[in-house]
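**Student:** Sharing a model that was predicted from the sequence below.
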Amino acid sequence: MTAGGPLLVIDTATTRAVIALGAADGSLLEARTWVAGYRHGEELLARIEGLLADRGVAPADLGGIVVGTGPGAFTGLRVGIATAKGLAHALELPITGLATATALLGAAAAALGTDVVTLVLLQPAGTSDRVVSRAGSRPVILPGGEDLELARGETLVAVDLAGRAAEAAVALGESAHLGVAAAFLAAGSGRIAAGGDDLARLVPEYVTLPRGVRDILPEDAIEMSGGRS
């Protein structure tokens, strides 16, 4: 670990994986994103190694890791958080977990030039359910077939919902993806400077779980899943 060294961002909560390097002050140096679908584990570590090599940053030069904690599907989040934790442990780096929903809402607000509290994030939760996130509130599951009610003045941001949400909401979700790395860095750099989070207590926020997984995970990691498979 290098005090004041660059920060590594990892987020695999959506079908579009994000990795980035930022300065210790939270400014973005470079972000890379790719459509991982639900195959994050096949490319993530190699992509991180490529980013570091291209920027001339040795792993030991890093100053900390910022990782997205969801909400998101089991496979992607498991890979991203396990990778971040493994690197933090091996390199003795401070790590902080930030809600992906918070970063996406912040990036969407920056793209629109509006207040984040006017935005509502919608993401898939399995084949038919969706998860709804608002600033300052815990995400909630919206069962399939139920309509989302927006308050007056609220704007919808839809991620991973092409064909299942209004085109304007999907387009805003694309804009949020473009800015999400900068949002992670802006929010996470101060927490890294303060020492980061307890590695053992950093848990993902799953929206769906495969059969048999629910019984072996701590309750705070499965609160949103409702036992869905």
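**Tutor:** The structure has been received and is ready for your questions. Numbering: from 1, shown residues only.
**Student:** And for the protein, the residue most distant from the center?
**Tutor:** Largest separation from the mean C-alpha position in the chain: Arg152, at 27.4 Å (C-alpha atoms, centre = their mean).
**Student:** ok now do that one, which residues does it touch?
**Tutor:** For Arg152, no residue meets the contact criterion (C-beta atoms under 8 Å, 6 or more residues apart in numbering). Yep, even glycine has a C-beta here, placed from its N, CA and C like the rest.
**Student:** Is it in a helix, a strand, or coil?
**Tutor:** Under DSSP: H, G, I helix; E, B strand; the rest coil, the three-state class of Arg152 is coil.
**Student:** Pull the contacting residues for Ala176.
**Tutor:** Taking C-beta under 8 Å, 6+ apart, we find Ala176 in contact with 104-105, 107-108, 111, 121, 157, 159.
**Student:** what's the residue farthest from the centre of the chain sitting at in phi/psi?
**Tutor:** Dihedral angles of Arg152 (phi, psi; degrees, to the nearest 10) stand at phi -60, psi 130.
**Student:** Now that we have the contacts of Ala176, which of them are buried?
**Tutor:** Among the contacts of Ala176, those classed as buried by 16 or more other C-beta atoms under 10 Å are 104-105, 107-108, 121, 157, 159.
**Student:** Out of these, which is nearest to Ala193?
**Tutor:** Taking C-beta to C-beta as the measure, Ala193 sits nearest to Ala107 out of the buried ones among the contacts of Ala176, at 21.4 Å.
**Student:** Low-confidence stretches in the protein?
**Tutor:** Across the chain, residues meeting the criterion (pLDDT under 70) sit at 38, 208-229.
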